[in-house]
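S.K.: turn this into a structure:
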Amino acid sequence: MARVTDYKAMTQIGWDDAPHLSEQAKTELLASTPPYLRDARSKGIPSLGSGAIYPIPETEISVDPFDIPEHWKRAAAMDVGWNRTAALWGAINREDGTVYIYSEYYKGSAEPAIHAQGVRARGDWMPIAIDPASRGRNQKDGDQLFSIYQQLGLKLLPADNSVEAGLYTVWEMLSTGKLKIFKTLSNTLAEYRLYRRNEKGNIVKENDHLMDCLRYFCMTSVNIASYKPAPRRKIVRATGNRITGY
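M.R.: Residues are numbered from 1 along each chain as shown. The predicted model follows:
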């Protein structure tokens, strides 16, 4: 005869089974929950979260390119490596806080000097949030990439690499219209379409360098963005019969 302790039962409970949750509270909770977790949290349905990480139509997050106003703050984010080095540049609308990702860098095997030149060409004054793991990677003669790129003139700061928090931040900005991507960024949008979780709920780590940059930008670059320095004025002074300037 089976004992009582030999039996197990499972009860599936969702928000509808919680009398203290009002309909308004459920709506607010659902809106603040990433799509891939909604069934698990609201209905108690076990989920491994497979599928698109950002299930928002590309048409809703991409915009036609335009000239970035000089008075908007700008910054960049970078993911470095030997097989692929990537970077994104973004500007922040002063009026409503919307971030516009307007330029990308996406290049394979090359020396750091080549990558640094390509990054500096888009504005050597801009602060760059970089993959903090670069501090521990060795590429040449045991030197760390972080130090190499600093020596090559890039204004680097370690990015916040909190993965799940970063994914949620990006998703929230995308879903509320606070993050837009120029339609001309073909590599970024290509990665966006493929960025997904596998059947075990893990992020598929393939062709995601620019998506990592997007996460670094939203977690760090928005906080370190700065204004483009005003050009230095040349002052001309007359001293006797001589004219000097600086």
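
S.K.: now do the helices in this protein.
M.R.: 23-31, 38-43, 58-61, 112-120, 145-151, 163-175, 186-194, 209-216, 222-224 (DSSP state H).

S.K.: can you lay out the ones you listed as JSON lines showing mean pLDDT, distance to residue 80 and mean neighbour count?
M.R.: The way it works is simple: take the backbone N, C-alpha and C, and place the C-beta from them, glycine included. Listed next are those as JSON lines, based on pLDDT from 0 to 100; distance: least, CB to CB, whole Å; neighbours: other CB atoms under 10 Å:
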{"stretch": "helix 23-31", "mean pLDDT": "82", "distance to residue 80": "36", "mean neighbour count": "11"}
{"stretch": "helix 38-43", "mean pLDDT": "70", "distance to residue 80": "35", "mean neighbour count": "15"}
{"stretch": "helix 58-61", "mean pLDDT": "92", "distance to residue 80": "25", "mean neighbour count": "12"}
{"stretch": "helix 112-120", "mean pLDDT": "94", "distance to residue 80": "7", "mean neighbour count": "17"}
{"stretch": "helix 145-151", "mean pLDDT": "88", "distance to residue 80": "5", "mean neighbour count": "18"}
{"stretch": "helix 163-175", "mean pLDDT": "94", "distance to residue 80": "17", "mean neighbour count": "17"}
{"stretch": "helix 186-194", "mean pLDDT": "94", "distance to residue 80": "16", "mean neighbour count": "16"}
{"stretch": "helix 209-216", "mean pLDDT": "96", "distance to residue 80": "9", "mean neighbour count": "27"}
{"stretch": "helix 222-224", "mean pLDDT": "97", "distance to residue 80": "18", "mean neighbour count": "16"}
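
S.K.: dump those helices into a markdown table; add distance to residue 97 as well.
M.R.: Below are the helices of the chain laid out as a markdown table (distance: least, CB to CB, whole Å):
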| stretch | distance to residue 97 |
| --- | --- |
| helix 23-31 | 19 |
| helix 38-43 | 26 |
| helix 58-61 | 16 |
| helix 112-120 | 25 |
| helix 145-151 | 29 |
| helix 163-175 | 10 |
| helix 186-194 | 21 |
| helix 209-216 | 17 |
| helix 222-224 | 9 |
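
S.K.: for residue 77, which of those is the nearest?
M.R.: Among those, helix 209-216 comes nearest to residue 77, with 3.9 Å by CB to CB.

S.K.: what's the closest one packed up against?
M.R.: On a contact count with 3 or more CB pairs under 8 Å, 6 or more residues apart in numbering; DSSP states H and E, helix 209-216 meets strand 73-79, strand 85-92, strand 99-107, helix 163-175, helix 186-194.

S.K.: ok, which of the ones you listed comes nearest residue 22?
M.R.: Comparing the helices and strands packed on helix 209-216 against residue 22 with CB to CB, the closest turns out to be helix 163-175 (22.6 Å).

S.K.: great, nothing more from me.
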